[in-house]
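>>> Structure, please.
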Amino acid sequence: MILDRIMVALPDRLSMSAEEYLAWEPTQEERYEYWDGEVVAIGGETRNHNRICINFFKLLDDSLNLPSEIYILSVKLQVERGQKYFYPDVVVTCDEHDNDPQLVQFPSLIIEVLSPSTEAADRGIKFAKYRQFSTLQEYVLVQVEQPGVEMFRRNHQGQWVLSEYGLGDSLQLESVNLEIAIADLYRQLQFY
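The predicted model follows:
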């Protein structure tokens, strides 16, 4: 199963209904995603991963106003009701209907910071599922081992268009009307 390569499942492959998961998961110390009845533990992040998330959050939070809300690392995204619940690294919602205390349901921007253990899922199954959100306008993938950002934006024809950015570039996020210097995302990072 693809999950074996991208994340570590609970040792006994804990299975439960979505309703059980939504009641159980908030009581846990660790974060767990839900993949079609299987509860999957989310692995720990590196310092660079965490710093990129913090930098992105700070840049967004300093610039956005209500109704836009930014969440980082610990707010679930309802991808398919009763089937899939993921934890994106950063998610922005600007929809006034997004008022569930546990979940984001109407994202406009999703950011995933890539790691070797999650990159395949972030590029593959997660992006395939995220594209189903009619509210999602942009999907951003950030490299953690070297500077580099990929942004997929939905165009007026509904197609996803890729743009790539390097350290000297700026990222124009139309979903939140904000320009971010790529160098600012990598502020205080050390590459080995």
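>>> In the biggest helix by length in the chain, which residues are buried?
Looking across the chain with DSSP state H, the single longest helix is helix 47-63. Neighbour-count burial for helix 47-63 flags 48-53, 55-57, 59-60 (criterion: 16 or more other CB atoms under 10 Å). All C-beta spots, glycine's among them, are computed from the backbone N, C-alpha and C.
>>> Let me know the secondary structure of the residue most central in space within the chain.
Nearest to the geometric centre of the chain sits Pro88, at 2.3 Å (CA atoms, centre = their mean). Going by DSSP: H, G, I helix; E, B strand; the rest coil, the secondary structure assigned to Pro88 is coil.
>>> For Arg31, see how far away Ser74 is.
Distance, Ser74 to Arg31, using CB to CB, to the nearest Å: 6 Å.
>>> Could you tell me which residues touch both of the two?
Tyr87 (CB atoms under 8 Å, 6 or more residues apart in numbering).
>>> And those two? Which one has more around it.
Arg31 (16 against 8; other CB atoms under 10 Å).
>>> check contacts around that one.
The neighbours of Arg31, taking CB under 8 Å, 6+ apart as the test, are 25, 41-42, 73-74, 87.
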